[in-house]
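Colleague: the amino acid sequence is not available; the structure is as follows:
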């Protein structure tokens, strides 16, 4: 049987076209190539020594969770600033972005998590344990309350 011109690539393109904006792609969580992007500190920065290890720990532990298995990508282009890589990650449409930056130097190291909620970008500052507890407690999924296919329910 033929597909009559409605193939997988056309369906994916239609999904992206409907929910994306002019300056960035917004992948629906169900079909995004990767669910989580971890951004490491810039080389030579104050955060590089403590934050680099924290970023790798976060990536490994998130990848070990059932919903993170194979869904974590690490942006280790440490010659670029964190802001530039965050902007690139947002343009690429990662549903969740974990940034290890200045807050990694706190007494209790913190991580920024950026995610999409409808048309809005949201962020939280959490410790690594709080971030992992958030993922363990409830798998990030499509938000069923507002029927927006691009919302992440945490």
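Modeller: Nice, I can see it. Small disclaimer: the values here were computed from a predicted structure and weren't measured. Numbering: from 1, shown residues only.

Colleague: partners of the residue nearest to the spatial centre of the chain in the sheet?
Modeller: What sits nearest the mean C-alpha location of the chain, by CA atoms, centre = their mean, is residue 96, with 2.2 Å. Going by DSSP bridges, residue 96 is paired in beta bridges with residue 36, residue 115.

Colleague: any idea how far it lies from residue 111?
Modeller: 12 Å (CB to CB, to the nearest Å). Yep, even glycine has a C-beta here, placed from its N, CA and C like the rest.

Colleague: one more: residue 46?
Modeller: On the measure of CB to CB, residue 46 and residue 111 end up 16 Å apart.

Colleague: what about these two, which has more around it?
Modeller: residue 111 (24 against 12; other CB atoms under 10 Å).

Colleague: hmm, residue 111 and residue 123 touching each other?
Modeller: No. Using CB atoms under 8 Å, residue 123 is not in contact with residue 111, being 10.6 Å away.

Colleague: could you list every helix and strand in contact with the helix or strand where residue 74 lies?
Modeller: Per DSSP states H and E, residue 74 falls inside strand 72-75. Packing contacts for strand 72-75, counted by 3 or more CB pairs under 8 Å, 6 or more residues apart in numbering; DSSP states H and E, involve strand 36-39, helix 48-64, helix 82-92.

Colleague: residues in contact with it: which ones?
Modeller: 34-40, 55-56, 59, 62-63, 85, 88-89, 94 (CB atoms under 8 Å, 6 or more residues apart in numbering).

Colleague: quick one: which of the residues you listed has the most company?
Modeller: Within the contacts of strand 72-75, residue 39 tops the neighbour count with 30 neighbours, counted by other CB under 10 Å.
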